[in-house]
Structure formats: structure tokens, C-alpha cells
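# Prediction below, plus the sequence it came from.
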Amino acid sequence: MNDTQSIERYGIVSQLFHWVVAALLFAMLGTNLLREMAEKGSDARTDWLNLHMSLGILLFAIVILRMIWTKMTFRPAPLPGLWITRMLAKAAHVLLNLATLLVPIGGYLRIASKDVPADFFGTPIPSIVGDMPWLHDIAKIGHGTYMEYFFYILISLHILAALWHQYVRKDGAIDRIVPWGKTAAAS
């Protein structure tokens, strides 16, 4: 399968990866919020946690596939602008990609370090580490409240930057990543 891309836009497969990852991130934040709102010890809380875990594992797999796909295909040239804004955009994308990889690992280690299997849509994924309270404490740093806020900040900055490019700079940034953009992708 080849996703030939114009120099102006991302191809349809790259666009699909982008929007699936975005939807999964929002679903992850939503399931976590619903889990926190459910009564401790309730079936609803467990169900939301299991869905959160399942989506996190799925997100991890899709991000790996997305990174492989990105290495196999061409990307459009960076948008014109000052070197500092291009550098900041690159740094933000690296942080988003790293976070979408490392946070699911932290989530898995957080539950696995209690010697509890993770749940992937009803299929248990056994712990590979066993009961390790010290690892659980470390994993909470990479998959806890601070990381949640970090994600809120990263996602907000990403959305604000896209809107700024599209509506203030009017350089078509959003058109490059949506199928209905003004310039048709060659894929």
C-alpha cells in the first residue's frame, strides 16, 4: 500500500492516523474523567478503567504503526515561518509523539506493578513485572495527574497553533491534515 503525498498535504492514511490518535486521546481523557466520577469500588469504575486501559493499549499500537508509516512516506514541507516557530512546532510534535508512546507504557506498568493483568477489550494481558511497589510509584509519575495536565497543555497548544496557522496566518495548516482540505492530496 502506498500513500503518495503531494508536497502540500498529508496523504489520506497519514490523515487517518492523525485523527484516530486525536479521537483516542480525547476518549482516554473522557474515560479517565468518568472513572474518577464513578464511586470507588463500583462496577462502573472498573468498567471505565478497563475501557481506559483498552483504549490506551490500542493508542500505543496505533502510534507505533503511525511512526512506521511516517518513516515510509513523504511529508509535506514545513510551513514557512521563522526558524524559532518551526523549531517549536517540531519540539511540540516530538513531545506529543513521545507522550503518546510513554504514557501507555506508564499506564501498563502502573497496573502491572500491582501484579494485576491489564485489560484489552476483555482479554487479560498479564503482568511482566509482578508486585513491585517502587515501580508503581515511579509509573504514577509517568501516568498520573501531572502527565494528565501535561497532555491538556500539549493538546491545547497543538489545537491553538493549528487555529492560529489556519485563521491568523492563513497558510492552510488545517487543510493539510483534513481530507476535505482545499488542495487535493495525490493519494
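On my side now, so go ahead.
# which of the residues in the helix or strand encompassing residue 96 are buried?
Applying DSSP states H and E as the criterion places residue 96 in helix 83-112. Within helix 83-112, the residues scored as buried using 16 or more other CB atoms under 10 Å are 85, 89, 95-96, 99-100, 103-104, 106-112. Every residue, glycine included, has its C-beta placed from N, CA and C.
# Report the spatially nearest residue to the residue most central in space within the chain, omitting neighbours in sequence.
Centroid-nearest residue in the chain: residue 100, 4.1 Å away (criterion: CA atoms, centre = their mean). Spatial nearest neighbour of residue 100, chain neighbours left out: residue 63 (4.6 Å); criterion: CB to CB, 6 or more residues apart in numbering.
# So for that neighbour, what's the pLDDT?
pLDDT recorded at residue 63 is 95.
# Which elements pack onto the host helix or strand of it?
Using DSSP H and E, residue 63 sits in helix 43-72. Using 3 or more CB pairs under 8 Å, 6 or more residues apart in numbering; DSSP states H and E as the contact test, the elements touching helix 43-72 are helix 12-37, helix 83-112, strand 118-120.
# and residue 138, which of the ones you listed is closest to it?
Nearest to residue 138 among the helices and strands packed on helix 43-72 is helix 83-112; the distance by CB to CB comes to 7.8 Å.
# Can you name every helix or strand that the closest one contacts?
helix 43-72, strand 118-120, helix 133-142, helix 145-163.
# Please identify the most buried of those.
Ranked by mean neighbour count under mean count of other CB atoms under 10 Å, the helices and strands packed on helix 83-112 are led by strand 118-120, which reaches a mean of 19.
# Residue ranges in this protein under the pLDDT threshold?
1-7, 183-187 (pLDDT under 70).
# ok so, going back, columns distance to residue 74 on top of the helices and strands packed on helix 43-72, output as TSV?
As requested, those are exported to TSV (distance: least, CB to CB, whole Å):
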stretch	distance to residue 74
helix 12-37	10
helix 83-112	16
strand 118-120	33
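# I'd like to know which of those is closest to residue 166.
Of the helices and strands packed on helix 43-72, nearest to residue 166 by CB to CB is helix 83-112, at 13.7 Å.
# now the angle between helix 43-72 and the closest one, please.
140 degrees (axes from the mean of the first three to the mean of the last three CA atoms, to 10 degrees).
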